[in-house]
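1. Kindly return the folded structure for what I paste below:
(4 chains)
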Protein chains: 2
Amino acid sequence: MTDADPSPTPLLLFIPYRYAENASLAHLASQGFGDLTLAQARVFARIADSGSRLTELAESAQVTKQTAGYMVDQLEAGRYVERVPDPTDARARLVRVAGRGEQARAAAMTALQELESAWAEHLGPRRMAALREALSALREITDPYL
Amino acid sequence: MTDADPSPTPLLLFIPYRYAENASLAHLASQGFGDLTLAQARVFARIADSGSRLTELAESAQVTKQTAGYMVDQLEAGRYVERVPDPTDARARLVRVAGRGEQARAAAMTALQELESAWAEHLGPRRMAALREALSALREITDPYL
DNA sequence: ACAAAATGGTCAGAAGTTCTGACTATCGTG
DNA sequence: CACGATAGTCAGAACTTCTGACCATTTTGT
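-> This is a model prediction of the structure:
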């Protein structure tokens, strides 16, 4: 009876997701990383601490590997990342955060934490936990990358 | 203790959101609307029953009005929508679902309902309701369109 | 009433993103 | 060791999105 909101759940997901993207990118821009585009940041955000393969980035961001490669080219040119050979596979290269990328990553982390804090404050810890818990569960049937 | 998932909340939002987009678009394609692109569908999905102004669509989809206009041009060419004068403002035009658009909208609704059902089944009614409730609350501080 | 500012929309052009197809090199398996 | 799968790149086209300039109409302030 209380949830008369007719908004489709995907729309409800889109709104805070897009807000988070905008807020993070704005924070990065304010910290001297104004040359990062949204598309670049989407790939950058998925690079694992130990480095990621192009294919992994592509699958995770849900773009083709060509697109991911193009983004990594730009991130590399902007000194955000570097490509190193993958010691376990001569075909592959690992994309690693490097140089400016480390500071950018730290700034992004800060933005993210502020965001999560603001959300947790608005929802209260209980509902925030419930939100994350439900989303994590949903991931089981919606994550193509797994 | 149970939620040790380090995934940032925005990533958790992205995964099911993107899944929903893909699933809906795939269903539309299977119903004879394979000419709809994702970008077009994002605008199309935001058209109100009574019609929407270009500016409203742009704000809601978070693109410039030029971009929204370009998408509406294509939707119009594909006979998904029509533009009619806004009786309350001579500057404005209302974008309305028309022709094929009605069937496409019905197909999208079906896809959406199947999606929500599948999610509700996976989460259970309680957690599904909690998810939607939390997302609706989050909207209050993240929706630029309001 | 009227000038100024804001709003709704379009046109033109450039930039950015993303895709398909083709190809090379390396890995894993039978 | 041949074969299919995987990692990545190159080239080119298509699609999406933006910035800037502009016109018409509405709203606001005096």
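2. In stretch A:27-42, which residues are buried?
-> Across stretch A:27-42, burial judged by 16 or more other C-beta atoms under 10 Å in any protein chain shown covers A:27-28, A:33, A:36, A:40-42. For every residue, glycine as well, the C-beta is placed using N, CA and C.
3. Contact residues of chain A facing DNA strand D?
-> Residues of chain A found near DNA strand D (C-beta under 7 Å from any atom of the strand) are A:53-56, A:65-66, A:69, A:72, A:83, A:86, A:89, A:91-94.
4. Which one of the residues you listed sits in the busiest neighbourhood?
-> Sorting these by how many neighbours each has (other C-beta atoms under 10 Å in any protein chain shown) puts residue A:72 first, at 25 neighbours.
5. Return the distance of residue A:20 relative to DNA strand D.
-> Distance of residue A:20 to DNA strand D, given as C-beta to the nearest atom of the strand, to the nearest Å: 16 Å.
6. residue contacts, that residue?
-> Applying C-beta atoms under 8 Å, 6 or more residues apart in numbering or on different chains to residue A:20 gives the contacts A:112, A:115, B:9-10, B:13, B:142.
7. I'd like these laid out as JSON lines, including pLDDT, neighbour count and secondary structure.
-> Output for those, formatted as JSON lines (pLDDT from 0 to 100; neighbours: other C-beta atoms under 10 Å in any protein chain shown; DSSP: H, G, I helix; E, B strand; the rest coil):
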{"residue": "A:112", "pLDDT": "96", "neighbour count": "19", "secondary structure": "helix"}
{"residue": "A:115", "pLDDT": "96", "neighbour count": "20", "secondary structure": "helix"}
{"residue": "B:9", "pLDDT": "97", "neighbour count": "22", "secondary structure": "helix"}
{"residue": "B:10", "pLDDT": "97", "neighbour count": "19", "secondary structure": "helix"}
{"residue": "B:13", "pLDDT": "97", "neighbour count": "25", "secondary structure": "helix"}
{"residue": "B:142", "pLDDT": "95", "neighbour count": "21", "secondary structure": "helix"}
